[in-house]
Structure formats: structure tokens, C-alpha cells
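Chemist: Got a sequence here, can you build the structure:
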Amino acid sequence: MKKLVLSILFVLQAVFVFAQQTPALKGKVVDQKTQKPLQNVPVTLQSNNQTVLTDFDGAFKFQTIAEKSDVVVIKTFGYVTQTLVLEPTLGETLDLGVIILEVDLASELQLSLVTITENDLGDDNSGSESTSGLLQAARDTYQQTAAFNWGQARFRIRGLDNQYSTTMINGIVMNKLYDGRPQWGNWGGLNDATRNQEFTMGSAPSDYTFGNALGTQEINTRASYFRPGNRITFSGTNSNYSWRAMATHASGLDKNGWAFVVSASRRWAQEGYFDGTDYGANSLFASVEKKFNDKHSLNFTSIYAQNSRGKNSPNTEEVNNLMGVRYNSYWGWQDGKKRNSRDKDIAEPINMLSHYWKITDRTSLNTNVAFQTGSIGNSRLDFQNANNPDPTYYQNLPSFFLNTFDNAGNWTPNFPGAAAAETFFLNNSQINWNAMYIANQNSATPGRSVYVLYEDRTDDKLWSANTILNSTVSDNLTINAGANFRRLKSNNFQNLLDLMGGEYFLDIDPFFTGNGAQPDLNNPNRQVVEGDKYGYNYNLFATVIDGFTQFKFTYDKADFYLAQTFSRSEYQREGLYRNGIYENNSFGKGNKVIFENFGFKGGLTYKLTGRHLLDFNGLYMTQAPNLRNTFSNARLNNNITPDLVSESIVSADASYIIRAPKLKARLTGFYTKIKDATEISFFYAENIGDAGGDEDSFVSEIVTGIDKQNMGLELGLEYQITSTVKATAAASYGQYIFSDNARLRTNDDNRAAAGLNPVTDFGTNYIKGVRQAGIPQQAYSLGLEYRSPKFWWVGANANYLADSYIDASNILRTDNFTIDNSGISFPGANEQSVRDLLKQEKFDSFMLVNLIGGKSWRISRKTRDTFGFFASINNVFDVEYKTGGFEQSRNATFPDLQQDLVSGTRTFGPKYFYGFGRTYFVNFYINF
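Modeler: Okay, here's the model as predicted:
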């Protein structure tokens, strides 16, 4: 017994001596101007990526640090990053004293940025007390460049759509179940309120979710995490909107445990950059937290963001040559004002209750419940037995008269008709609202409107709940786990907005006769008025349950993680109308569709030194199709997409990372393979299948078995030349293709109305090797910044973007294009001629130069009050460039397409989208 006691005492003494000899680290972080402490600032040791957050007093402490030299990084949104080299002494606590963070004027760019694209992710600094891997408090140079410099050209990181990312607010997934994409407008205009973000790139680990191939974004709205104070901004720009006003107040956590944040903004424009694009948006935010004790807090968040904006039309080259690239066919004059017929209106408020439970110092549980409801509407004109009101309707344009042929197939251009059409179009290039009102007043049936304005409307009710566990089991192991539940009821219908002077509109489809003309056989020939539903009306139901576990291991030389997930998705359609074309398969509930999916991922960060790292990530997962692609023609029937299966996703990346005090760089190679994707689209086509003739058919195109391959390199580099001058560089080189052929079917309502099988199988869709559309597959950027010690800042960057391609028509790349109904190839349709005719258009490369700058002033030396401005000029040299476009599918056969090309001016040529020319943004703000 004596020997045992002596042995224990000896061990305890050794442990005590070792603990005394192991160095520790502490310090305090304050604001440079106010000298007030900063709470929830991440402080990271580069040697092992161990991170702690500063407390209420701005203090932080590491109980143990490496005995060798190390680097500590203090990085949070809104401040310039501090990088300090450590030289610890054995057995002593290294006290860094007061660390001053300087306000980052460049952060005004991020807070004030006009949203130009909807595909960039963000990040946050409000995560758990201990994180590993490459968790970031701000975008790195590459991500900043991709979002703010290349985003205006529709650049997408790694070529991936944002349905392959996961966006969350307080852990609640914000990706829509309908199409898998986040609806950014749901929190648009609330830049200040959504600034606390946490971001992971690719399949790197997140504390909140399993994620996907592109990455994750977690927005934290916990009231106590906001820096106390007030902020008012006013901005002017000439892009999507003209003016913006915003105000935010954050109380901070008071002595009674209460904290609250309120924010409000308005954005508006009579006309945006493109003609006739009006804009109006109002946003409100409130977050209230009650901290009951050190273990329990409740937080309630409410977000309301209403947005209404006029759309701009894609146009053919013929129209652009006549009218210019800013021309928009969707608007016309009414009572001296421009009225847009294609408005998008969003109002889907979010209410969320969050409970934070600190079970122990090492374990926490966050539980959230959310309810979101509201509507999305997309308006357009409807008409019956009347002329098409679209000024760019193909029969109104010169090409219609130039591309004419006699019965023998001889070209018979009508040059006088083309000249007259051009003159008429130039004089009547906008929607004629007055003519439509007159037509309704002079209707053959008194009171019956022949023109109306309606909206395709979606009213969603979504319940969400989740719980997220974070436990630091030991100094080397952290466990994350979560479970999520979502239940959606989505009502989809046509909503009549404006009878335009008439008394009613008849709910029929004038393109069909008999029962086929009735959208609802249960209520035939119904007279509808403003506010009524008509045309189509159905519910979509979805129930999704998923969960994940993740194990993160941290060691001196290497960190690694393993994660796994399982999900179950259940979809169903309920028709509320008995459609006359699909009378036996449209009314009532259809069959349920169930998908069960899983995923695994892992990664390793190997630390060559504290400043040089190698990082590897790999993922394999399956993913359920979204609601949009599950039902082949949801507006009219309950049909489920044939051959519908889950997508499988394989993703891997490898990076070399440098994190030196002056040089920060990342070089990454990436690869993503997506198999068995499904896409559904709708269009008018001629000569498809065995219908023959020139009859127009409105079809839904169903493409299944789509395989995509995205691979490439990305580079981000930042070098601090002097204390005031910084250079940045970024590059992305990718190859984004369809890696195999797919299968194409169409659902044709004309065939269904004739009693035939509406689905035609066109077999192989020859898209192997076709480039994915609308993405610059090469992008390069060089930038230079100067930051004055007197709080002014200026920067410039030049950006080169190339290898962007048009969206290729699928129906043109089937045997239907080359083979007639009798199975014989069309004359002249040989391999080379077809290849030349269908060569995918590559857009011209272009260079964009941007200028940015700002200045701030301290109003009082005794307070944190500051006043400042930020300004930017994008596309300084007013370069004209295409951001996207698509081939029209109307001429679906080889001879039809040849005839459309004969005059040199196509009737059904591709339609294009263009980016902004020279735009400016000026933002004034005051913090107090």
C-alpha cells in the first residue's frame, strides 16, 4: 500500500510539474477606435487549428500551447486580421496583453454590396468554442474574388449550381424543397442582420450539417452575438435598384440577460439598369434573446423580406441588333408610366425559436423550430382568341418574312414585308397596354376580357425543426451530430391579377376543344374575376427527415474527420382541378414517391509546418430528386417522371495552403461527378415525334440519366507588400461537361387530347462532351489595395473571364433531329453537317476592371461613433458581354433548322442574357 501511495504521489507530482512547464496563452481583444472589448472573436493557433472565442470582456485563453514557436490569427468580420508570431517560454503563461483590431473598410463592400448573383456562399465567426479543419471567419481571397468580382459574370465556384450547397439560418436549412436552391430574397436587404456567418468550402466539415459538394453557409441570428450599437446607411446605385436605406440597432447582452436586434431596410427604383425593370423591396428583422443562466438561452428570430421587381427579357441577336442589349420587351407605357408585365413578387416571412443549452463546458445542444409561409408570384399576360401582345413575337419581326419557303421547299423571301415589319417593330417595340384595354372593351362577348394579367403563384407552408449536438470529448476529438425535419405543403395555381377593363375571364384553354378545353371539368366554363384561381391548381406535399454524425480529430501534425448521413424524402401531388385532357389522372392525390439516401465523407489536413498545410477532402452521397423534377407535368396531372432515381455525387479536392504573416495562398485541385440527374423544361416545338406537320406543340421535355463532370484548379493568393499595400491574385481553370449521353422523353398535351399516349420516348440524348452552360470555365483576377493609416482605402482589380457556353437544346440532339417519321435520314443530314449545325456556341471572352474605395471618420474620441462612405465602379470600361443564353428548341429537325438559317437572320435563333455595363455603388453610413 505504501508503494502504491508513493507511486500515485509521484505521478501526480510529475503531472503537476508538466502542467507547470507547459506554456499557456492569454490576451484581450478591443476595438481600435472605441477601445471597447470585442466579444465572440475567433482566435486560432495555426499549428493545430485550435480555436477559442473571446468572452464578454474580450478576453481569451488557451490552457496549453505548443512549446515551439507558433502563429496566432485573430480574424473576424469587419476588422483587419491580426497575425502574431508567438515565442513561448516553458512553464510560463504568454500574455499578449491588449490586442487592437482595426476596422476593415473593405468590409463595407461586403455589407453594402448590391446582390448581383445568387450563387455565392458566405461564412461566420459564431461557431463552437473549439473547431478544427479550415473553419474560416471570412472568405479567403479566392472566395472574395469569386463572389464580388466574378459574380457579376455569373461565375459559379467549381461550376456547381447552388442546389449542391447547404444554406442555413440557425441550423435550419433554407434550400427550397421545390428546386433545391436557397431563395436569397427571403432575407434580402438585411446585410447587417445576416453578417454573422460560418462557411465551409466543398465537402469540408461543418458543425451544423453533413453538407454537399459545394459547401455550407450558416447564418447565425442569435441576438447576443451582435456587436452592440446602431448603424444607419444610405446607398445609391444604377444596377438592380437605385436607392437603399437601412437602419440596425443591437443592444448587446444586458445585466438581466436580455439582448435584442432590430433592422429594417428599403430598396427601390423606378427603373433599374435594364429598361422597364422597376424594383421595390421592404425588409424587417428582429431577434430577441433571453439568457436564463450560464446553461440555457432562448432566442426568437423573425424575418420579413418583401420584394417586387420587374424582369428583363432575353432576346435574339436580331432583336438586339435592332434595339440594343438593354432592350426589354416585357414593359409598355400606361398612363405615362412604364408598366412591366413580368414582375416577380416574393413575401415569405420566417419565424424561428432557438434554444441553446450548454450541457457542460465541453458539450452543447442547439434546438430550433421554424415556420415559414407566404407566396412567390411571377406575372405574365394571358389572352384568348386575340393577337399575341409580345412585341417580339416571331411573326412581328423581319426574319419571319425573310425565312419563307414555298410548298416545293424553295426559298421565297418577302423583302418588302421584312422592311415593313422592321419599321413597324421600331415604332411599336413595347407592349401596348392601351390596345389591350380597348380590345377588352370591344370584346365580341360584352364584359369578357380577351387579355388579362395573371401570376403563376406558389403559396408555401413549411415547418422545420432540428437539433444539433456539439461535444468536445477530449483535446483530440470533437463530435457533431444533428437531426432535421421538414414538412411542406405547397399550393400552386394561376392567380388572376387584372382584368384590364373587363368584367370576367373565361377559364378555358382556347387551343383545345371539347373536354380538353376545360382546366377543371368539375367547374366547366367558369367565369373568373380578379383574385380567383384558374387554369391549374394543385398541392405538392413533401416530408424530409435527415440526420448526420461527424467525428473530428485534432493532433499536432494532422487533423482528420469522418462523417455520415441518412435521409428519407417523401413527395406527393394532389390535384385540385380535374383537367379535361387528363381527366382520369389529374384530380385528387397521386401516388407517393419515397427516396432513401445516404452519404459518407472524410478528410485530412496535414501540417507540414504551422504555415504550410496539405488538405484533402472526399465525399460520396446520394441525393433525392427535387419536387420540380419528380412530377413530369405537375400543373396538369399526377404523372411521376419515368426512370426517376436519386442522383449520386462523388467529390474530391486537394489543397496546398500557405498561411504566413505576409503571404496567404491556396492552390486546390477539385473533381466532382454527378450521375443520374433529371431535368424538366417546357417549350413550344414543331415536328416532334410522329405527329408530323407544322403544328405547334407545347411540351414538357424530360431528360433523365444526366451525368456531369466538373474538374479543375483554383488559386487564391494574397501578399502584404508593405503595411499599407496588399496585392491579390485569383484564378480558376475548369472543365465542366456532360460526361455521358442521357435519355429524352416528351409529354405532349396535344397527343393526350387526341387520345394518344402523351409520352414520346426519343431514346438517346446525345449530349456527351457538351459544355455546361452559362459558367465562365476560366477566370483570372489581379488586384491591388492601399490602406492608409488615416482610415481611407482604395483598390482596383482586373478580371478576365472566358470559356462560357450557350445552353444547348436537348431535343435537337436526338435522332428526331436527323431522321424523319419513316426512319430515313433527312437529305444532307450527315455526321459532319449535323456536327457543324449543332456546334455549341462559345461566348466571347472579356475583361472587367473594377475600382473600389472608402473612408471613415471618428466622430468622437470618447465613443465608437464613426461616419464613412464606400464607393465602387464596376466594369469601368463599359464592356458589353453575355452572361448566358439558350438555344430555342422550336425547330426540332434538320431541315427546319436549315431553313431558319438561310437568310442569315434567324427567326428562332438563340436568346441571350447580358451583364451590366458600367455601374456604380455609393454607400454612406454612420455607426453610433
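
Chemist: contacts and neighbour counts: CA atoms only from here.
Modeler: Fine.

Chemist: What segments of the stretch 801-928 of the chain are helices?
Modeler: Applying DSSP state H, counting those that start in this stretch to the stretch 801-928 of the chain gives helices spanning 831-837, 894-901.

Chemist: And for the stretch 1-150 of the chain?
Modeler: Per DSSP H, counting those that start in this stretch, the stretch 1-150 of the chain has helices spanning 2-21, 107-112, 141-148. These are given in chain order.

Chemist: ok, of those, where does mean pLDDT dip lowest?
Modeler: Of all the helices of the stretch 1-150 of the chain, the minimum mean pLDDT falls on helix 2-21 (a mean of 43).

Chemist: Contact partners for Arg526?
Modeler: For Arg526, the contacting residues are 506-508, taking C-alpha atoms under 8 Å, 6 or more residues apart in numbering as the criterion.

Chemist: Which of those sits closest to Asp844?
Modeler: Comparing the contacts of Arg526 against Asp844 with C-alpha to C-alpha places Ile508 closest, at 45.4 Å.

Chemist: Just give me the neighbour total for that closest one.
Modeler: Ile508: 22 surrounding residues under other C-alpha atoms under 10 Å.

Chemist: before we move on, what about Ile581?
Modeler: Using other C-alpha under 10 Å, Ile581 is surrounded by 27 other residues.

Chemist: Next one: it relative to Pro524, how far apart?
Modeler: When distances are taken as C-alpha to C-alpha, to the nearest Å, Ile581 and Pro524 turn out to be 13 Å apart.

Chemist: overlap in contacts of those two?
Modeler: What both Ile581 and Pro524 touch, as defined by C-alpha under 8 Å, 6+ apart, is the set Gln518.

Chemist: got the buried residues for stretch 313-330?
Modeler: Of all the residues in stretch 313-330, those buried under the rule 16 or more other C-alpha atoms under 10 Å are 313-320, 323, 325-330.

Chemist: Please read the previous query as pertaining to stretch 473-480.
Modeler: Buried residues in stretch 473-480, defined by neighbour count with 16+ other C-alpha under 10 Å: 477-480.

Chemist: With stretch 514-521 instead?
Modeler: If you call a residue buried by 16+ other C-alpha under 10 Å, then stretch 514-521 has these buried ones: 515-521.

Chemist: Is it correct that Lys295 is in contact with His355?
Modeler: No. The pair Lys295 / His355 is not scored as a contact, 10.3 Å apart, by C-alpha atoms under 8 Å.

Chemist: circling back to that earlier point, Gly78 is nearest to which of the helices of the stretch 801-928 of the chain?
Modeler: Between Gly78 and the helices of the stretch 801-928 of the chain, the tightest spacing by C-alpha to C-alpha is seen for helix 831-837, at 52.7 Å.

Chemist: just how off-centre is that closest one within its chain?
Modeler: Put simply, helix 831-837 sits 36 Å off its chain's centre (C-alpha atoms, centre = their mean, to the nearest Å).

Chemist: Can you point out the buried residues in that helix?
Modeler: Val834.

Chemist: How about stretch 170-181?
Modeler: By neighbour count with 16+ other C-alpha under 10 Å, stretch 170-181 contains the buried residues 170-178, 180-181.

Chemist: Next one: the nearest residue to Ala779 once chain neighbours are set aside from Ser732, what distance?
Modeler: With C-alpha to C-alpha, 6 or more residues apart in numbering as the measure, Leu801 is the residue that lies nearest to Ala779, at 4.5 Å, once sequence neighbours are left out. According to C-alpha to C-alpha, Leu801 stands 9 Å off from Ser732.

Chemist: what do these two both touch?
Modeler: With contacts taken as C-alpha under 8 Å, 6+ apart, Leu801 and Ser732 have 777-780 as neighbours in common.

Chemist: Buried subset of the residues you listed as a ChimeraX selection?
Modeler: Of the shared contacts of Leu801 and Ser732, the buried ones go into a single ChimeraX selection, burial set by 16+ other C-alpha under 10 Å:
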select :777,778,779,780
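
Chemist: thinking again about what came up before, list the ones among the buried residues of stretch 170-181 that fall in strands.
Modeler: The subset of those located in strands under the criterion DSSP state E comprises 172-173.

Chemist: Which secondary structure element of the protein has the lowest mean pLDDT?
Modeler: helix 2-21 (a mean of 43; mean pLDDT, DSSP states H and E).

Chemist: residues touching Val30, list them.
Modeler: Under the criterion of C-alpha under 8 Å, 6+ apart, the contact partners of Val30 comprise 36-38, 58, 98-101.

Chemist: Format these as a markdown table; extra columns: distance to Ile594 and pLDDT.
Modeler: Converted to a markdown table, the contacts of Val30 look like this (distance: C-alpha to C-alpha, whole Å; pLDDT from 0 to 100):
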| residue | distance to Ile594 | pLDDT |
| --- | --- | --- |
| Lys36 | 55 | 74 |
| Pro37 | 52 | 82 |
| Leu38 | 49 | 83 |
| Gly58 | 50 | 85 |
| Val98 | 57 | 90 |
| Ile99 | 55 | 91 |
| Ile100 | 55 | 88 |
| Leu101 | 52 | 86 |
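
Chemist: Buried ones from those residues, can you make that a PyMOL selection?
Modeler: Of those, the buried ones can be selected in PyMOL as follows, counting by 16+ other C-alpha under 10 Å:
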select buried, resi 37+38+58+99+100+101
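
Chemist: just the strands in the stretch 651-800 of the chain please.
Modeler: Secondary structure of the stretch 651-800 of the chain (DSSP state E, counting those that start in this stretch): strands located at 663-686, 696-720, 725-738, 742-748, 759-765, 778-787, 792-802.

Chemist: So which of the ones you listed is the most surrounded?
Modeler: Using mean count of other C-alpha atoms under 10 Å, the stretch among the strands of the stretch 651-800 of the chain with the greatest mean number of neighbours is strand 742-748 (a mean of 23).

Chemist: Sounds good, over and out.
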